[in-house]
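Peer 1: Task: produce atomic coordinates for the following.
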Amino acid sequence: MDELLLARWQFGITSTYHFLFVPLTLGLSLLVAAMETVYVRTGNELYKKMAQFWGKLFLINFALGVVTGLVQEFEFGMNWSEYSRFMGDIFGAPLALEALTAFYLESTFIGIWIFGWKRLSKGMHAAAIWIVALSSNLSAFWILAANSFMQAPVGYVLRNGRAEMNDFSALLANPYLWNQFPHTVLGGLVTGGVFVMAISAYHLLRRSQVEFFRPSLKIGLICALTASLLVVVTGHRQAQYLAEAQPMKLAAIEALWETADPAPFTFFTAIDSGKQENRGGVSLPGGLSLLVHSSPTGEVKGIKDLQQESEKRFGPGSYAPDIPSVFWSFRIMVAAGCWLLAVAGLCAYYLRRGTLEDKPLALKAVVVTLAVPYIANSTGWYVAEAGRQPWIVVGLQRVEQAVSPTVSAASIGITLVGFTLVYGVLAVVGIYLLGKFAKQGPVAPFAAKPAEGKGVALWN
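Peer 2: So this is what the prediction gives:
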């Protein structure tokens, strides 16, 4: 394998590991802050225990996210030096601000929160976790500001073979950023809500610490259901924006080879990329036009026409991403979202009737659903990043132009194996620790009260 392919594998693997931990950090930090705020306002010790228990799981996840994220910044300079040379002037600014205004703040106040339970007033201690939560989400904002430039470049000039920033406010006002950031934060809240729901459902099935996990499940459910509904809204806005900013990505998501008016929404089909056609499948006539134009009619450009336009503008070459992987990743993401809405809606219905704890199948479904937001987040991120291929910075630099010219394939291969093994060990340790403390539950008095009656095993 050559340097380019190895560098892509290495960045893909490290990014995937890192992104497993990011959404939960974003969502669970806000939930812990909300729980502690309720404790401060009501004095109810239950919410203090909630903040401590869920906060412990948040800390484990946060530590793993930090460790897996550090390597990526070094990769930009080592494996992708041409990329760093070309757009370091722009990409470096939001990364530096992320470290200065978010990561340092987050790291400092997380220590204050851990060691400040008996040293700070209730209000000051709650303020510390809110600063951690808001800093975590501010960190996501700066990372997405950098990523949004790669997706839709703004506020720059080309000078001496480099992209140089000439308008920082344009970087912050990038429409791509303001479509992507709310979707990412809401995805984090869905992950955090489902995480709390799933662990609570596990304990309710076992009739373990019911007085603690009953209200926990309710909080997680409200968060997951509300955020899931809002994710649909922000996702729809993103689709409409893609039609303007990245029509090739939208066409790839739909495997739309020919420009169409009205354009169908394809549920599934067999894609033949070689012949540039689809065979069979099920489509909703006018469905894509309705999504993009809010009308059953309206033109949506196809891959073939967009390829011709790109060749005229950028010269010979392929300007379409891998269509089958983008197409199916999007559908997996949508199916995962539908599953989340269905499970959350069903649980909300039973909760309103006061019968949720008597529905073991529903609780088991919640436990299984723990994996679903991770599937949705990963496939959604894949669509966002793979959908802009072959560009690393859309319209400015292709991926093969960004790789380091002086780092050998052997060097990248050795570090690729090393990072994969180390991250694999970290993932195992992280999952073990999260599982251990999640099963253990909170400390007394809520831990010492088994409920009456026979518990329900997970799989009977």
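Peer 1: In space, not sequence, find me the middle residue of this structure.
Peer 2: Nearest to the centroid of the C-alpha atoms of the chain, with distances taken as Cα atoms, centre = their mean, sits residue 377, at 4.2 Å.
Peer 1: Could I get the contacting residues of that residue?
Peer 2: If you count contacts by Cβ atoms under 8 Å, 6 or more residues apart in numbering, residue 377 has them with 19, 23, 187, 191. From N, CA and C alone the C-beta is placed, and that goes for glycine too.
Peer 1: Helices of the stretch 101-250 of the chain, start to end?
Peer 2: For the stretch 101-250 of the chain, the helices defined by DSSP state H, counting those that start in this stretch cover 104-115, 122-151, 168-172, 175-205, 210-245, 247-254.
Peer 1: Those helices: which one's closest to residue 72?
Peer 2: helix 122-151 (9.8 Å; Cβ to Cβ).
Peer 1: Which parts of the closest one count as buried, going by neighbours?
Peer 2: By 16 or more other Cβ atoms under 10 Å, the buried positions in helix 122-151 come out as 125-151.
Peer 1: Stretch 200-213 now?
Peer 2: Neighbour-count burial for stretch 200-213 [16+ other Cβ under 10 Å]: 200-210, 212-213.
Peer 1: In CSV: the residues you listed, plus pLDDT and distance to residue 393.
Peer 2: What follows is these, written out as CSV (pLDDT from 0 to 100; distance: Cβ to Cβ, whole Å):
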residue, pLDDT, distance to residue 393
200, 96, 44
201, 95, 44
202, 95, 44
203, 94, 48
204, 94, 49
205, 94, 49
206, 91, 51
207, 89, 55
208, 88, 52
209, 89, 51
210, 90, 53
212, 94, 49
213, 95, 47
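Peer 1: Residue 339: which of those residues is nearest?
Peer 2: Using Cβ to Cβ, the buried residues of stretch 200-213 come closest to residue 339 at residue 201, 15.1 Å.
Peer 1: Surely that closest one and residue 366 touch.
Peer 2: Yes. Here residue 201 reaches residue 366: they are 3.9 Å apart, a contact under Cβ atoms under 8 Å.
Peer 1: between the two, what contacts are shared?
Peer 2: Contact criterion Cβ under 8 Å, 6+ apart; residues shared by residue 201 and residue 366: residue 217.
Peer 1: which ones are touching residue 392?
Peer 2: 80, 83, 150, 398-399, 401-402.
Peer 1: farthest-separated two in these?
Peer 2: 150 and 401, at 13.3 Å, using Cβ to Cβ across the contacts of residue 392.
Peer 1: one step back: quick check, the residue nearest to the centre of the chain in a strand?
Peer 2: No. Read with DSSP: H, G, I helix; E, B strand; the rest coil, residue 377 is helix and lies in no strand.
Peer 1: Count the neighbours of the closest residue to residue 22 other than its chain neighbours for me.
Peer 2: With Cβ to Cβ, 6 or more residues apart in numbering as the criterion, residue 22 has its nearest non-adjacent residue at 5.8 Å, and that residue is residue 65. Applying other Cβ atoms under 10 Å, we find 22 residues neighbouring residue 65.
Peer 1: And what about the closest residue to residue 300 other than its chain neighbours, helix, strand or coil?
Peer 2: In this structure, residue 300 finds its nearest non-sequential neighbour in residue 263, 3.8 Å apart by Cβ to Cβ, 6+ apart. Secondary structure assignment for residue 263 (three-state DSSP): coil.
Peer 1: can you give me phi and psi for residue 263?
Peer 2: phi -100, psi 130 (degrees, to the nearest 10).
Peer 1: My guess is it contacts residue 288. True?
Peer 2: Yes. Using Cβ under 8 Å, residue 263 makes contact with residue 288 at a distance of 4.0 Å.
Peer 1: Specify which residue of those two has the higher count of neighbours.
Peer 2: Remark: of residue 263 and residue 288, residue 263 carries more neighbours, 30 against 25, as counted by other Cβ under 10 Å.
Peer 1: Just want to check the distance between the more buried one and residue 142.
Peer 2: 36 Å (Cβ to Cβ, to the nearest Å).
Peer 1: so how far is residue 21 from the residue nearest to the centre of the chain?
Peer 2: Distance from residue 377 to residue 21, by Cβ to Cβ: 11 Å.
Peer 1: Please identify which of the helices of the stretch 101-250 of the chain is closest to residue 340.
Peer 2: Here helix 210-245 is closest among the helices of the stretch 101-250 of the chain (Cβ to Cβ), at 5.1 Å.
Peer 1: Remind me what that closest one packs against, helices and strands.
Peer 2: If you count contacts as 3 or more Cβ pairs under 8 Å, 6 or more residues apart in numbering; DSSP states H and E, helix 210-245 packs onto helix 3-42, helix 45-78, helix 175-205, helix 247-254, helix 287-293, helix 323-353.
Peer 1: now with 7 Å?
Peer 2: helix 45-78, helix 175-205, helix 247-254, helix 287-293, helix 323-353 (3 or more Cβ pairs under 7 Å, 6 or more residues apart in numbering; DSSP states H and E).
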